[in-house]
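Engineer: mind looking at a prediction? Sequence and model below.
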Amino acid sequence: MGLFGKKPEKKVLFACIENAGRSQMAEGFFKKYAPKGWSAMSGGTSPKSYINPIAVQVMQEVGIDISNYKSKILSEDQIRMAELKVNMGCMDTTGCPSLILGNYVDWGIEDPKDKPVEKVREIRDQIETKVKELAKGLS
């Protein structure tokens, strides 16, 4: 039990390299579909100073606003606090979060960086499907 008799929330960590696209979309979807008692956070090994504007656009198309999200460095605290860690996928092995996550699930999702909007929509839909399955398994 946490403060005032409330059970602390369990956390899912979504990780990728830049924390500018895939992990941000996953965090947005998890906030929508999360079972009671669960929350999401995300981080990257080499975060960007912005969120991919096409990722923001395609998420707005499905009613989720990630425009205020910030790209964050993957921290030891996040890794330690996470009940479940999801690596979004790596195209670059040197900066891959899987090197530091420990016990994690790897979704192998393509990076939306520099992709046309149609491809980013496909990636978004893949992420939504995976997040829905994950949330269902946690409830």
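Structural biologist: Received it, and whenever you're ready, just let me know what you need.
Engineer: so for Lys119, what's the nearest residue that isn't a sequence neighbour?
Structural biologist: Excluding its sequence neighbours, the residue lying closest to Lys119 (CB to CB, 6 or more residues apart in numbering) is Pro112, at 7.0 Å. Placement of C-beta: from N, CA and C, glycine included.
Engineer: next one: the helix ranked longest in the chain to chain centre, how far?
Structural biologist: Longest helix in the chain by number of residues (criterion: DSSP state H): helix 117-138. Taking CA atoms, centre = their mean, to the nearest Å, the mean C-alpha location of helix 117-138 is offset from the chain mean by 10 Å.
Engineer: packing partners for it?
Structural biologist: strand 10-16, helix 22-33, helix 53-60, strand 82-87 (3 or more CB pairs under 8 Å, 6 or more residues apart in numbering; DSSP states H and E).
Engineer: Pro35 is in contact with Leu138, correct?
Structural biologist: Yes. The pair Leu138 / Pro35 is scored as a contact, 5.1 Å apart, by CB atoms under 8 Å.
Engineer: the two - which one has more neighbours?
Structural biologist: Leu138 (17 against 13; other CB atoms under 10 Å).
Engineer: and the longest helix of the chain with helix 53-60, angle?
Structural biologist: Computed by axes from the mean of the first three to the mean of the last three CA atoms, to 10 degrees, the angle separating helix 117-138 from helix 53-60 equals 60 degrees.
Engineer: contacts for helix 117-138, please.
Structural biologist: Outside helix 117-138, the residues that touch it by CB atoms under 8 Å, 6 or more residues apart in numbering are 10, 12, 21-22, 25-26, 29-30, 33-35, 38, 52, 54-55, 57-59, 61-62, 84, 86, 88, 107, 109-110, 112, 115.
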